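Enquirer: Have a look; sequence and predicted model below, questions after that.
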Amino acid sequence: MLRTIKVPIALTLVSAVVITSILAMWLTIKEHERLYTASVEQDLNVLTANLADELSGVLVSSVPPTEQLRQELATLASYQHILEARVYNSAGELIYEQGRAEYNTSVPLSDLLTQSPATFSMDDKLIATRHIINDDTKVGYLMIVNDVETPVSNSWQTLMLHVLPFVAVALLLTIAVALVLLDRWLTPLSKLSAFTQRLSYSKDYTQRFDARSANEVGQLAAHINTLLDAIEAELTINQEQNQTLIEQQQTMTHLANFDSLTSLPNRQFVMDNLRLELARAKRLEKDIALLFFDLDGFKGINDSLGHEIGDLILIEVAERVTTMLRDGDLVARLGGDEFIIVPDRDVTDVSLKNLANRVIDAFRDPFHFRGLALTVGVSIGIAKASEASFELSQLMSNADLAMYRSKAKGRGIYTIFTNEMVESHKRKLSIANSIDQGLAENEFVLYYQPKVAKDGTLVGFEALIRWHHSEFGMINPAEFIPIAEQSGRISAITKWVIERVSAELPLLQSIFTYKFRVAINLSGHDLRHLGLFDMIHSIFTEQQVNPEYIEFEVTESAYLENFAFANKFFRRLSNMGCAIALDDFGTGYSSLSYLTQITIDTLKIDRQFVRELETSERSRLVTNSIIDLAKRLSLTICAEGIECVSQWEYLLDHGCDHVQGYLFSKPIPLEDVAALPERFTFPGRTSSYDNSVQ
Ligand code: C2E
Ligand code: MG
Ligand code: MG
């Protein structure tokens, strides 16, 4: 009630009306009084004048004619409001007085008489005086006192009695009408107030106030509507900007959590997830496993066939792996060619092995791009959270170790992490850290393994490094070369080998006076070293090495992983007179189309095919095909790992040019080389070559 302005306005209005009415009535009464008094005064003057005329004859005698005066003045009795009448002689002495009993005037006469004729107002009385003239002679004075107060008061009361009801009714009507009008005028304001209140609660700024009038309220409503238009427009802009922001945020979240090439979750996403999952698994005493894998020889594909093909392979890898997983399993790309699978449940060894086999199987079919059929393998490392104390970094490092174990074992396989790997990792670290010291303290030594021609004659040697480690004793290159590669120390070893071969070549040349070649193994990592050719060239120049006595061996995967550099580098070596052999052929790429593009002289059939010659039809097929291919490409073919005569015979029968293996000699120190025969013969040998070459 008090919160509405209607009450104060109504009170002010009513007060104003009442005060105005009272004022009007008071003015009316005053005017009425004035008019009434004026009329009484006029009447009194006339009466006094008439009576003075009539008394003029009466006052001529010297004796006061009291009776006559009484008769003359008796007429005044009929005048209700004449209080007193006095007659004075010309000397101003009162000669007759007539008045009402209840009234006794105290008016001093002398003052009044001098001013006659006159009318005075005194003490609410009207006093009229007049000279009584007879024949132009003043014979006396007449004074009449008339009561004004009583008639005025009576007249006032009568007036009030007649007017007040009308005034009251008019007043009430005015107030009522005013209140009604006030209500009508203020109602739109109340509605507007309710509207704005509704608006602030609902926040629905599409609403508008229906303002029809043009008065202040209408204008206020119109302004509010305009304000709402502006708010709505502003809101629309804000909503659009918000939407854009949300979309940008979603895009950024997607970019931050998903790999743009394969659309798989990325490292960031999987690490965040794994961190939470590991904490949960630890709490619930459950285990989590992860399969960490990378593609075998992916860098070679990128370098030889271009990044576009590399990207296509990564996309298809993501598809192949995703389709073979169960709902809930997570696959993510960690970067490059590294992926991770986190199986949702069932982390027993059996199911993990199954999963790993399924992943490997998924890569059996070649990838077909631009008419090329590329077979890409995977090396998988499997690790469990329980063996990593539910620590993310430990778990990742364990999976990494297991994966590298797979790579070291020959790629295309999986390895489950065991604690022994940590020990071996420590050994690896220790080996890596002692390479420089080993080189400085001459702990390395070169062994030579002869290569034999069809007729058994010695055509060359493969220089194979050995390390007499101060702490671990004799270490094989199969162990320390990969460590040197990973730790970035391989270049130093390669340099040492080239220098050593260069230094020892003269001794070999003095023993074997005919032409032969010493093969030096190069690592894939060497092929990323831009100064390699200059280094070889300067060593050869310095040590006066005839490059025609040297052959370089590089594995096919190392060649292809650094295709662009390798091609140029080997062409320069070839031009210099060195021979180039592709080592361990048949174990890496199955796409053979690149063979026509590279600079090589010899294909070396990997030991694994030779070993299985008698037992595996597939190995025989591969071996025959490689020999056949080499012939077509006019390449020399060399088989390694010959341990028995039958293997040699098989290879001879199928046209293999050179052989190398324990059958002839294990790798031996330089001092033992002189004891090697110039020609290897085997009494039980049945091959026709033995005879034909003699
Ligand atoms: P590789 O270049 O394929 O060398 C042939 C390996 O086969 C040698 O192992 C050799 O001892 C072994 N081998 C040869 N004939 C037979 C046989 O009849 N039976 C068996 N079981 N093995 C045979 P090694 O010397 O242990 O070298 C292993 C690998 O280490 C080499 O494979 C080569 O890749 C690498 N390596 C050796 N020396 C060097 C080197 O100086 N530099 C580089 N970068 N790598 C080297
Ligand atoms: Mg070799
Ligand atoms: Mg080999």
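Expert: Perfect, thanks for sending it. Ligands and ions are numbered 1, 2, ... in the order given.

Enquirer: Close to ligand 3: what parts of the chain are there?
Expert: Within the chain, the positions near ligand 3 by CB under 5 Å from the ion are 583-584. (Glycine included, C-beta is placed from N, CA and C.)

Enquirer: Would you map out the domains in the chain?
Expert: Domains of the chain are assigned by automatic domain parsing as 6-156, 203-247, 267-417, 445-693.

Enquirer: Could you dump those into TSV with mean pLDDT and mean neighbour count added?
Expert: Formatted as TSV, those follow (pLDDT from 0 to 100; neighbours: other CB atoms under 10 Å):
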stretch	mean pLDDT	mean neighbour count
domain 6-156	81	16
domain 203-247	87	13
domain 267-417	90	18
domain 445-693	90	18
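
Enquirer: Columns distance to Leu186 on top of those, output as JSON lines?
Expert: Below are those laid out as JSON lines (distance: least, CB to CB, whole Å):
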{"stretch": "domain 6-156", "distance to Leu186": "6"}
{"stretch": "domain 203-247", "distance to Leu186": "8"}
{"stretch": "domain 267-417", "distance to Leu186": "63"}
{"stretch": "domain 445-693", "distance to Leu186": "90"}
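
Enquirer: Minimum distance to Arg427: which of the ones you listed has it?
Expert: domain 445-693 (7.3 Å; CB to CB).

Enquirer: near ligand 1 at all, the closest one?
Expert: Yes. Using CB under 6 Å from any ligand atom, domain 445-693 reaches ligand 1 at 449, 464-465, 476-478, 481, 497, 521-523, 553, 583-584, 607, 640-643, 660-662, 667.

Enquirer: nearest spatial neighbour of Gln509, skipping sequence neighbours?
Expert: Counting by CB to CB, 6 or more residues apart in numbering, Gln509 lies nearest to Tyr549, which is 7.2 Å off, once chain neighbours are set aside.

Enquirer: mind listing what the one you found touches?
Expert: Counting by CB atoms under 8 Å, 6 or more residues apart in numbering, Tyr549 touches 505, 509, 515-518.

Enquirer: next one: stretch 459-475 to chain centre, how far?
Expert: The chain centre lies 58 Å from the centre of stretch 459-475; the measure is CA atoms, centre = their mean, to the nearest Å.

Enquirer: Now do it: everything it contacts.
Expert: Residues lying outside stretch 459-475 but in contact with it, judged by CB under 8 Å, 6+ apart, are 427, 430-431, 434, 437-438, 441, 443-453, 476-477, 480-481, 493, 497, 500-501, 508, 516-521, 551, 553, 658, 660, 667, 673.

Enquirer: now the helix or strand encompassing Ser304: how far from the chain's centre is it?
Expert: Taking DSSP states H and E as the criterion, Ser304 maps to helix 298-305. Helix 298-305 sits 37 Å away from the centroid of its parent chain (CA atoms, centre = their mean).

Enquirer: ok, now stretch 398-410?
Expert: Centre-to-centre, stretch 398-410 and its host chain are 38 Å apart (CA atoms, centre = their mean).

Enquirer: Out of the residues of domain 445-693 next to ligand 1, list just those in helices.
Expert: Among the residues of domain 445-693 next to ligand 1, DSSP state H puts 477-478, 481, 497, 607 in helices.

Enquirer: Closest one of those residues to Met271?
Expert: Ile481 (32.3 Å).

Enquirer: what sits against the residue nearest to that closest one when sequence neighbours are not counted?
Expert: Nearest residue to Ile481 in three dimensions, chain neighbours excluded: Ser523, at 6.6 Å (CB to CB, 6+ apart). Each residue near Ser523 by CB under 8 Å, 6+ apart is listed here: 481, 484-485, 490, 494, 558.

Enquirer: and what of Ser351?
Expert: Ser351 neighbours (CB under 8 Å, 6+ apart): Pro343.

Enquirer: cool, the one 4 residues further on as well?
Expert: Residues touching Leu355, when contacts are defined by CB under 8 Å, 6+ apart, comprise 291, 341, 343.

Enquirer: Check which helix or strand the closest residue to the first one other than its chain neighbours maps to.
Expert: Pointing back at Leu291 there. Excluding the flanking residues, the one nearest Leu291 by CB to CB, 6+ apart is Ile341, at 4.2 Å. Using DSSP H and E, Ile341 falls within strand 338-342.

Enquirer: All the helices of the stretch 251-400 of the chain, residue numbers only.
Expert: For the stretch 251-400 of the chain, helices defined by DSSP state H, counting those that start in this stretch occupy the ranges 267-284, 298-305, 307-324, 349-362, 392-409.

Enquirer: who's in contact with the second one?
Expert: Where contact means CB under 8 Å, 6+ apart, the residues beyond helix 298-305 that reach it are 309-310, 313, 336-337, 369, 372, 374, 376, 557, 559-565, 589, 594.

Enquirer: most centrally placed residue in the chain?
Expert: Gln249 (3.8 Å; CA atoms, centre = their mean).
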